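Asker: missing the sequence, but the structure's below:
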């Protein structure tokens, strides 16, 4: 699995757009990029997944440049409830690949 | 129903005890996972079952023994644990064993070994 690098922590004010970038220089052709959110004392929750270009759902957008060596999770108009740890994961569908969580980004929303 | 349930929510056990953690899902998922998570660290994969067969064992000590009695249930049997095994134990499931499949996580069991 491609190793990922994310900022350890970020702070943002309520109502702002937050962008969290993940670097994955060794991403393979068949790898997908997946983001999970985790609140304290809860299990992670799937946010969004993409392969290339841009993916958007009701919660977030995921931007992936053409070389796919990085990706950016965009959270529009954050609120206090978006305070959580965000994990970027990269992996493919082949064989018994496992999902390895990186260190994650601890996002704190300030009122 | 998109829920993964785990019992118990909290567990305190001595180093000579035997206990079990239970996980259940009714989404028809055929892959089920155990993770261990220490405070302020990411979840670490322990075991993966695919179609009720153990597919991945991440070199976990034998004092942790997984069991998948059927496609909806996953157990983790604990015996002779050490204090450093205290952690949040998370269960997850996905449609099949495939990295791109969304994993649904349970709330976890907070284990304390005394």
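Answerer: Cool, the structure landed. Because the structure is a prediction, the values reported are computed rather than measured.

Asker: List phi and psi for whichever residue of chain A sits closest to chain B.
Answerer: In chain A, the residue that lies nearest chain B is residue A:43 (2.7 Å; CB to the nearest CB). Placement of C-beta: from N, CA and C, glycine included. Note on residue A:43: backbone dihedrals following degrees, to the nearest 10 are phi -80, psi 160.

Asker: which ones are touching it?
Answerer: B:4, B:90, B:91, B:92, B:105, B:106, B:107, B:108 (CB atoms under 8 Å, 6 or more residues apart in numbering or on different chains).

Asker: same deal with residue A:101?
Answerer: By CB under 8 Å, 6+ apart, the contact set of residue A:101 is A:36, A:44, A:87, A:89, B:42, B:43, B:44.

Asker: ok, these vs residue A:108, which is closest?
Answerer: Nearest to residue A:108 out of these is residue A:87 (CB to CB; 15.9 Å).

Asker: Make sure the closest one is indeed in a helix.
Answerer: No. Going by DSSP: H, G, I helix; E, B strand; the rest coil, the assignment for residue A:87 is strand, not a helix.

Asker: Sticking with the residue positioned nearest the centre of chain B, tell me its helix or strand.
Answerer: What sits nearest the mean C-alpha location of chain B, by CA atoms, centre = their mean, is residue B:34, with 3.0 Å. Using DSSP states H and E, the element containing residue B:34 is strand B:31-37.

Asker: which residues are there in chain B that come within reach of chain A?
Answerer: Within chain B, the residues that sit near chain A (CB under 8 Å from any CB of the partner chain) are B:4, B:42-45, B:48, B:50, B:55-56, B:58, B:88, B:90-92, B:97-100, B:102-108, B:110.

Asker: for chain B, what are the low-confidence residue spans?
Answerer: Residues of chain B that meet the criterion pLDDT under 70 lie in B:1-2.

Asker: can you give me the strands for it?
Answerer: B:4-7, B:10-13, B:18-25, B:31-37, B:44-50, B:53-57, B:64-70, B:73-79, B:87-94, B:104-105, B:109-113 (DSSP state E).
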